[in-house]
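Trainee: just need the structure, nothing else, for what follows:
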Amino acid sequence: RKCAGRCNQLLPQSSYNRNQWSKGEGKSRCRTCVEQAIQEEATQQDKVKSDKIEAARKRVEQLKLSKMTTPQEIVKAESELAALEAEKVTGLKPVKLSSRGGRGRGRGRGGRE
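Mentor: Here you go, the predicted structure:
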């Protein structure tokens, strides 16, 4: 079967995983092409994250230099930068806390009248 990925070679079934082989001719990619695509996607995501962090750093610097900026705006920009940096290191997105949520006062408890 011919690989639909970058290599475009005729390869035996052993060169494909079960999922790719079941896609059929013209859609299946060999293991090497799939691994390369995953690697390229990860590299692209890292670049996007780095670009976002750099933009956030520039924003913090601009706000610090501006005379019309309030301290709250600076803190907000710094916390956004910290959240982006933490996400890059840990892989976890920040949790946004809201005033609503939690258990509330008796919500969802039938029987009270």
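Trainee: mind jotting down where the helices sit in the chain?
Mentor: Using DSSP state H, the helices of the chain run over 18-22, 31-65, 71-90.
Trainee: of all these, which one is nearest residue 2?
Mentor: Relative to residue 2, the nearest member of these by Cβ to Cβ is helix 31-65, separated by 11.6 Å. To be clear about C-beta, it is placed using only N, CA and C from the backbone, and glycine gets the same treatment.
Trainee: which strands and helices sit next to that closest one?
Mentor: In terms of contacts (3 or more Cβ pairs under 8 Å, 6 or more residues apart in numbering; DSSP states H and E), helix 31-65 is packed against helix 71-90.
Trainee: which residue packs closest to residue 8, ignoring adjacent ones?
Mentor: Take residue 8 and drop its neighbours on the chain: the residue closest to it by Cβ to Cβ, 6 or more residues apart in numbering is residue 2, 6.7 Å away.
Trainee: give the contact list for the one you found.
Mentor: Shown in contact with residue 2 (Cβ atoms under 8 Å, 6 or more residues apart in numbering): 8, 9, 10, 11, 25, 26.
Trainee: where's the spatially most central residue of the chain relative to residue 93, distance?
Mentor: Nearest to the geometric centre of the chain sits residue 45, at 6.9 Å (Cα atoms, centre = their mean). Using Cβ to Cβ, to the nearest Å, residue 45 is found at 13 Å from residue 93.
Trainee: next, work out how far apart residue 4 and residue 39 are.
Mentor: Here the criterion is Cβ to Cβ. By it, residue 4 lies 18 Å from residue 39.
Trainee: low-confidence ranges in this protein?
Mentor: Applying pLDDT under 70 to the chain flags the ranges 98-113.
Trainee: residue 4 and residue 39: which is more packed in?
Mentor: Neighbour count, other Cβ atoms under 10 Å: between residue 4 and residue 39, residue 4 has more, with 17 against 10.
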